[in-house]
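>>> Would you be able to build a 3D model of this:
(one chain, ligands or ions: 1)
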Amino acid sequence: MKKAEEIFAEAKGLIERAADPAAIEELRIRYLGKKGEVTQILKGMGQLAPEERKEFGMKVNRIKADVEGLIEDKKRGFEQAGRSLRLAAEKIDVTEPGRDVPAGTKHMITITIDEISGIFMNMGYSVTEGPEVETVFHNFDALNAAPNHPSRELTDTFYITENTLLRTQTSPVQVRTLLSQAPPVKVVSPGRCFRTDTPDATHSPMFHQIEGLLVDEGVRMTDLKGTLDLFAKRMFGEGVRTKFRPHFFPFTEPSAEMDMSCFVCGGEDPSCRVCKGSGWIEILGCGMVHPNVLKVGGIDTERYTGFAFGMGVERIAMLKHGIDDIRLFYENDLRFVQQFYG
Ligand SMILES: [Zn+2]
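The predicted structure is shown next:
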């Protein structure tokens with residue numbers, strides 16, 4: 001059997017060299033546990049002569065206390081080291097520059113809608129929106145669309161039920177406005193529209209329009225032309241000129257399409273990609289509100305007249321920024337979004 005002094009010397013060396021709290025726990029069990037070496041020596045005391053027991057007992061108990069002390073010291077050492085490590089890891093350097101949080105940007109469709117709306121708001125228009133799921137009444141009937149109008153066909157329109165559909169244009173908002181508001185009316189209405197088009201570079205089954213409506217006493221075609229000419233100049237530059245070509249829409253009479261002189265080449269470049277060399281670009285449809293539409297809204301057509309216009313938001317954005325494929329707007333590719341507003 002080892003002598004008490006030997007056990008102490010050995011325990012002291014092992015405790016000092018212990019690398020982690022688990023090793024210390026092993027040593028505690030090895031020396032001070034129920035079957036530990038120090039415990040065993042104390043148990044063996046019974047074999048000694050009675051006169052030796054007292055001195056031996058005191059010695060072993062001192063060794064036991066010393067081993068306990070060494071183990072406690074070592075444990076505290078580990079705890080302190082752990083705390084220091086944690087503190088170092090959690091330390092906050094208040095002088096460190098802030099991390100860059102990437103900020104989102106508005107999508108170009110939103111920016112274009114804001115820009116167009118802003119131009120009309122400066123002319124006193126307010127912005128109003130309508131539902132994307134519409135009734136056949138608001139989308140077609142109230143807008144004077146003939147019962148056999150081709151856009152009513154199942155092949156052109158997403159019907160939800162016989163009487164509800166995904167609106168094919170923002171024009172139903174005109175009807176909703178006229179039904180809820182007495183003249184004077186002066187609103188623009190942006191939003192999503194849906195048609196059963198197969199996606200290609202210039203078509204998408206979901207797209208955006210912005211619609212305008214003005215109804216008041218004495219509104220004439222010249223007001224329409226002046227308003228839209230001013231819009232074109234604010235949107236594309238003071239140098240652009242506009243012209244109006246007769247057209248047909250069921251909800252306006254007379255109706256026109258507005259062309260704008262090419263803001264890229266001014267009509268000087270026969271190979272211009274924007275105007276295809278014609279010098280003119282088709283911008284929007286417009287006209288004087290058809291009396292049948294005003295009547296749906298209960299408006300006295302002898303007293304009030306009005307004009308309306310509508311344009312494709314994507315088309316305006318594509319022209320202005322030289323984008324050649326409408327699908328780029330919806331593909332969520334940040335490389336596309338950020339090159340314009342990075
Ligand atoms: Zn051109």
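>>> so which strand or helix has residue 292?
Of the helices and strands defined by DSSP states H and E, residue 292 is found in helix 291-296.
>>> What residues of that helix count as buried?
Neighbour-count burial for helix 291-296, counted by 16 or more other Cβ atoms under 10 Å, picks out 291, 293-294, 296. From N, CA and C alone the C-beta is placed, and that goes for glycine too.
>>> Filtering those residues by proximity to the ion, which remain?
When the buried residues of helix 291-296 are checked against the ion using Cβ under 5 Å from the ion, none falls in range.
>>> looking at this protein, which helix or strand does the model trust least?
Here the helix or strand of the chain ranked lowest by mean pLDDT, DSSP states H and E is helix 334-341, holding a mean of 79.
>>> can you give me the helices in this structure?
Along the chain, the stretches classed as helices by DSSP state H are 4-17, 21-32, 37-43, 50-90, 108-121, 136-139, 172-180, 221-236, 291-296, 313-321, 334-341.
>>> residue in the stretch 1-150 of the chain nearest to the ion?
residue 112 (20.3 Å; Cβ to the ion).
>>> Look up the pLDDT of residue 145 for me, please.
The model reports residue 145 with a pLDDT of 85.
>>> what's near enough to touch the nearest residue to it once chain neighbours are set aside?
Among residues not flanking residue 145 along the chain, residue 250 sits closest, at 4.7 Å (Cβ to Cβ, 6 or more residues apart in numbering). By Cβ atoms under 8 Å, 6 or more residues apart in numbering, the contact set of residue 250 is 143-146, 149, 290.
>>> With residue 311 instead?
Residues counted as contacts of residue 311 (Cβ under 8 Å, 6+ apart) are 116, 209-210, 283-285.
>>> can you do 6 Å?
Going by Cβ atoms under 6 Å, 6 or more residues apart in numbering, residue 311 touches 210, 284.
>>> Which residue is the nearest non-sequential neighbour of residue 112?
In this structure, residue 112 finds its nearest non-sequential neighbour in residue 317, 4.2 Å apart by Cβ to Cβ, 6+ apart.
>>> and the residue nearest in space to the middle of the chain, backbone torsions?
Closest to where the C-alpha atoms of the chain average out (Cα atoms, centre = their mean) is residue 104, at 7.1 Å. Dihedral pair for residue 104: phi -70, psi 160, per degrees, to the nearest 10.
>>> I'd like to know how far it sits from residue 334.
10 Å (Cβ to Cβ, to the nearest Å).
>>> go on, residue 170?
28 Å.
>>> same question, residue 258
According to Cβ to Cβ, residue 258 and residue 334 sit 34 Å apart.
>>> ok, these two, which is more surrounded?
The neighbour count for residue 258 versus residue 334, taken as other Cβ atoms under 10 Å, is higher for residue 258 (23 against 11).
>>> Give me the pLDDT value at that one.
pLDDT recorded at residue 258 is 97.
>>> just checking, it touches residue 284?
Yes. Shown here, residue 258 and residue 284 form a contact pair, counting by Cβ atoms under 6 Å, at 5.2 Å.
>>> Now do the residue of the stretch 1-150 of the chain closest to the ion: how many residues are near it, please.
24.
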